[in-house]
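Q: Below are the sequence and a predicted model; questions follow.
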Amino acid sequence: MSHAPSPFPAGFFARQDESDDARFYSFDRFVTHIDDDAIALIGELYEESGLTGADLEVLDICSSWISHFPTKPGRLVVTGMNAAELAANEMADEWSVGDLNSDPTLAFDDASFDAVTCAVSVDYLSQPLEVFTEVARVLRPGGLFVCTFSNRCFPTKAIRGWLSTDDRGRCGIVATYFELTDGFDEPVAQHRNPGASGDPLFAVSARRV
C-alpha cells in the first residue's frame, strides 16, 4: 500500500518547535482541549457513525485520558504520547505510547480494527501521509477513519501549513490526506456546529475500500 506524491510545498509540515515531541508531551495534561459542547459533538458523531457497537474493535490514535465515546465500543485500543494520561483512560482496554512523528508505524496486524479515530490531533502530524497509510492498513474493509478538529491547538507543535490557513482550508488539508492515500473512498467533510458561540468542530472521514 502506498500514497501518491505529496502536493504540499516545502516547509508545509515544519513546525515552530522541532524539539523532541516526547519531551513536550512528557508533562501530564489532564485537561480537555475543546469545550464541553464540542466534546459532546464528537461523541454524537461517533454514535451516528456506528462506532459504539459492542462488537466493534476501535483504535484511537493520538489519544489521551479521554476518548470522547458516549458509549464504550466492544474493544478500545488507544495510542498516544503520555503514559499517565493513557493509563487514566477508563474506556481503554489496551494502551501504548508511540510518537507517530518519529515513527508513523502502527504496531498492529493488517485489518485489525473496525474503525480508527483521531480527535483534535491531526494538526500535529508531521508525516500524515505515512500515518494515513498505516491507518488504512490496520482497518478492515468498510472501516471508518474519523478525524475531528477545532481551531485550537498548541501552535508551536502544529504544522505550518495548518496555521497558515482557515477552517475551510484545514478541512481541505485533511481531505487531501485521504485522497492521497490508497485504500480510502471519497472523504466527507463536515462542520458539526455552524453558528455555535463556542469552539467550532469539524470532521473529515472516509471508509476503507
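A: Done, it's in.
Q: for this protein, what's the longest strand?
A: In the chain, assigned by DSSP state E, the strand with the most residues is strand 139-149.
Q: Give me the contact list for that strand.
A: 42, 45-46, 49-51, 68, 111-123, 132, 135-136, 170, 174, 178, 183-184, 201-209 (Cβ atoms under 8 Å, 6 or more residues apart in numbering). Every C-beta, even on glycine, is put in place using the N, C-alpha and C of the backbone.
Q: Can you list which of those residues are found in helices?
A: 42, 45-46, 132, 135-136, 170, 174, 178 (DSSP state H).
Q: quick one: contacts for residue 106?
A: 59, 61, 79, 98, 131, 134-135, 137-138.
Q: Repeat the analysis, applying 7 Å as the threshold.
A: Applying Cβ atoms under 7 Å, 6 or more residues apart in numbering to residue 106 gives the contacts 134, 138.
Q: Confirm it sits in a strand?
A: No - under DSSP: H, G, I helix; E, B strand; the rest coil, residue 106 falls outside any strand and is assigned coil.
Q: Looking at it now. What's its pLDDT?
A: pLDDT for residue 106: 98.
Q: re earlier: flag every buried residue along the helix or strand following the longest strand of the chain.
A: Downstream of strand 139-149, the first helix or strand assigned by DSSP states H and E is helix 160-163. Within helix 160-163, the residues that count as buried by 16 or more other Cβ atoms under 10 Å are 161-162.
Q: same question, stretch 176-185
A: Quick answer for stretch 176-185 (16+ other Cβ under 10 Å): 176-181, 183-184.
Q: Residue 41 contacts residue 192, doesn't it?
A: Yes - with contacts counted by Cβ atoms under 7 Å, residue 41 reaches residue 192, the gap being 4.8 Å.
Q: joint contacts of those two?
A: Contact criterion Cβ under 7 Å, 6+ apart; residues shared by residue 41 and residue 192: residue 201.
Q: Of those two, which one has the most company?
A: residue 41 (24 against 17; other Cβ atoms under 10 Å).
Q: For that one, give its distance to residue 153.
A: Distance of residue 41 to residue 153, given as Cβ to Cβ, to the nearest Å: 18 Å.
Q: still on that earlier bit, including distance to residue 18, could the ones in helices among the contacts of strand 139-149 go into a markdown table?
A: Shown next, in a markdown table, are the ones in helices among the contacts of strand 139-149 (distance: Cβ to Cβ, whole Å):
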| residue | distance to residue 18 |
| --- | --- |
| 42 | 29 |
| 45 | 32 |
| 46 | 33 |
| 132 | 22 |
| 135 | 24 |
| 136 | 27 |
| 170 | 21 |
| 174 | 22 |
| 178 | 26 |
